[in-house]
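In: What follows is a protein structure lacking sequence information:
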């Protein structure tokens, strides 16, 4: 479960990291962003064809997955990606939240 969001972002870059013919997996690592910052998005299978650099897309029912301590935007089978009209916002490229590394820490209740 978890929290899901709808957001509009511009695709800044897309790099194919796995390209097998269907029905096998295709993956692309993409940097997407809006006026608040950027985040890495892992496009899977048919999503790969939608995330071309310069394209503006709407991520519906997107979530954040943690991968090796960093945040990645993800759209699973419950969400979708749509290409939309070019966004008017300026992407804040100096705030890539996927560059921040997080560590899981146990919190001890000291009652």
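Out: Structure received. None of the values given here were measured: they were computed from a predicted structure.
In: And the pLDDT at the closest residue to residue 69 other than its chain neighbours?
Out: Excluding the flanking residues, the one nearest residue 69 by Cβ to Cβ, 6 or more residues apart in numbering is residue 101, at 4.6 Å. C-beta coordinates here come from the backbone N, C-alpha and C atoms, glycine included. Note for residue 101: predicted pLDDT of 85.
In: cool, the one 10 residues further on as well?
Out: pLDDT, the model's per-residue confidence, is 67 for residue 111.
In: residues near the residue nearest to residue 69, how many?
Out: 9 (other Cβ atoms under 10 Å).
In: That one and residue 66 touch, don't they?
Out: No: Residue 101 lies out of contact with residue 66 (Cβ atoms under 8 Å); the separation is 10.2 Å.
In: what's the distance between the closest residue to residue 56 other than its chain neighbours and residue 25?
Out: With Cβ to Cβ, 6+ apart as the criterion, residue 56 has its nearest non-adjacent residue at 4.4 Å, and that residue is residue 87. Distance check for residue 87 against residue 25: by Cβ to Cβ, to the nearest Å, it reads 29 Å.
In: Of these two, give the one with the bigger neighbour count.
Out: residue 87 (17 against 11).
In: Per-residue confidence at that one, what does it come out as?
Out: Reading off the model, residue 87 has pLDDT 89.
In: you'd agree it is up against residue 57?
Out: No: counting by Cβ under 8 Å, residue 87 stays clear of residue 57, with 9.3 Å between them.
In: hey, what's in contact with both of the two?
Out: Shared contacts of residue 87 and residue 57, defined by Cβ atoms under 8 Å, 6 or more residues apart in numbering, comprise 8, 9, 10.
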